[in-house]
Each structure stands twice: as C-alpha cells, then as structure tokens.
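Colleague: test case, fold it:
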Amino acid sequence: MNESKISVRYAKALFELGKEKDLLDAFVTDTNLIDSTCNESSDFVLMLDSPVVKTSQKRSVVKSIFTDKINANTLNFLDLVVQNRREMYLKDISRNFLALCRKNKGILSATLTTASAIEEEGKKKLSNVLEKAFDSKIELNEVIDKDIIGGFVIRVEDQQLDASVSNQLTQIKRELLSNHIK
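Modeller: Okay, here's the model as predicted:
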C-alpha cells in the first residue's frame, strides 16, 4: 500500500475519533507533543524505526513516555499504530491529521520562506493581506532559507508566489540564454 494512503487513512481515523468524542483540540495538542518528542529525541525515533526492537518493547516504551501526558484515546491510537507496525508513518499521520483539523476549522496553512527572519509586525500584515485575499483564516509558518538570497516565497495550500532573488536571477538567465540561441 502507498505510504501516503496509509498515513491519510490513519489520520482520518484519528480525526473521526476526535470529532466523535469531541476531543479534536486535545488530539491536536497530543499530536503536537508526539511530533515534538520525535523532533527532539533521535533515540526515540531510532527505537521506533529499528527492526531489532520488538513491537511489544516499542509499545511499552511509547506507553511509558506518553501515559499521563496525552489523552487516553490518543495513547490507544498511538499504541494501535505501533502494534500494526506503522510507527514509521507517525510524522505523516501527524501532518495529515493536523491538515484535516485546519481544514475543518476553515484555516489555510501558509508558508513564508525568506532569506532572513521577518519582524512580527511584518508577519501580521502579511497574514492580514492573505486572509483578505483567500477569504479564510491563515496559519503562517516561517521558513528561513538563505538559498533564495533575498525576497520571499509564499505558499498557501497549492498556490505559490515566488518573489525571491534566486528565482528572478533564474528567469533572467533563462531569458538571456533563449535570446542568445536565436
């Protein structure tokens, strides 16, 4: 089965469970905690990905880490993911689950890529402009990428505006090469 199909199915199952039990907000908090644990502890991720570690041991470790930190329903879901040997999809499951929750609340995810950090006031202004343009609430994530040299790239869902210096240089190069060949 396709990896994305697996993670989408698990994410939908968690989302539906959250809606059914009216625990979506708790599940979002739990999912963020699980994500941050994976991001901060490479040992935890290595243990989950290891074929040498038995599933029963993985389940035990997961329960010992997350019991009393996350909702019992989320813990049971996480246990099921590990029991079904789908732990390598945890990141994708989380990403897809959070996307479903944003969509449910009418929130669009936007990514702003710049060469250096932008002040909070600039981010707020950009968020307001995007909210008006898309007629929706915007969740703005900032990414710093020195490779774009300057300017910015904004991506909202499947639409992208590339006003980066590196893109402009690429376009100039393309024009010069195409004019030279003629």
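Colleague: C-alpha only now, for contacts and for neighbours.
Modeller: Will do.
Colleague: name the element residue 128 belongs to?
Modeller: helix 120-134 (DSSP states H and E).
Colleague: so which elements touch that helix?
Modeller: With contacts taken as 3 or more CA pairs under 8 Å, 6 or more residues apart in numbering; DSSP states H and E, helix 120-134 sits against strand 137-144.
Colleague: now for the very next helix or strand once past the strand it packs on, which elements pack on it?
Modeller: As assigned by DSSP H and E, the chain's next helix or strand after strand 137-144 is strand 151-156. When contacts are defined as 3+ CA pairs under 8 Å, 6+ apart, strand 151-156 sits against strand 107-114, strand 159-164.
Colleague: now tabulate these in JSON lines and tack on mean neighbour count, mean pLDDT and distance to residue 49.
Modeller: Shown next, in JSON lines, are the helices and strands packed on strand 151-156 (neighbours: other CA atoms under 10 Å; pLDDT from 0 to 100; distance: least, CA to CA, whole Å):
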{"stretch": "strand 107-114", "mean neighbour count": "19", "mean pLDDT": "93", "distance to residue 49": "29"}
{"stretch": "strand 159-164", "mean neighbour count": "14", "mean pLDDT": "92", "distance to residue 49": "34"}
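Colleague: okay, those strands in JSON lines with distance to residue 15 next?
Modeller: Listed next are the helices and strands packed on strand 151-156 as JSON lines, based on distance: least, CA to CA, whole Å:
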{"stretch": "strand 107-114", "distance to residue 15": "16"}
{"stretch": "strand 159-164", "distance to residue 15": "25"}
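Colleague: hmm, back to that, could you give the angle of the helix holding residue 128 to strand 137-144?
Modeller: Interaxial angle of helix 120-134 relative to strand 137-144 (axes from the mean of the first three to the mean of the last three CA atoms, to 10 degrees): 130 degrees.
Colleague: C-alpha coordinates for helix 120-134, PDB please?
Modeller: Extracted in PDB, the C-alpha atoms of helix 120-134 (Å, rounded to 0.1, in the frame of the first residue of the first chain):
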ATOM      1  CA  GLU A 120       6.300  40.100  13.900                       C
ATOM      2  CA  GLU A 121       4.600  43.200  12.600                       C
ATOM      3  CA  GLY A 122       5.500  42.300   9.100                       C
ATOM      4  CA  LYS A 123       4.200  38.700   9.600                       C
ATOM      5  CA  LYS A 124       0.900  40.100  11.000                       C
ATOM      6  CA  LYS A 125       0.500  42.400   8.000                       C
ATOM      7  CA  LEU A 126       1.200  39.600   5.600                       C
ATOM      8  CA  SER A 127      -1.300  37.300   7.400                       C
ATOM      9  CA  ASN A 128      -4.000  40.000   7.200                       C
ATOM     10  CA  VAL A 129      -3.400  40.500   3.400                       C
ATOM     11  CA  LEU A 130      -3.500  36.700   2.800                       C
ATOM     12  CA  GLU A 131      -6.700  36.400   4.900                       C
ATOM     13  CA  LYS A 132      -8.400  39.000   2.800                       C
ATOM     14  CA  ALA A 133      -7.100  37.500  -0.500                       C
ATOM     15  CA  PHE A 134      -8.200  34.000   0.400                       C
END
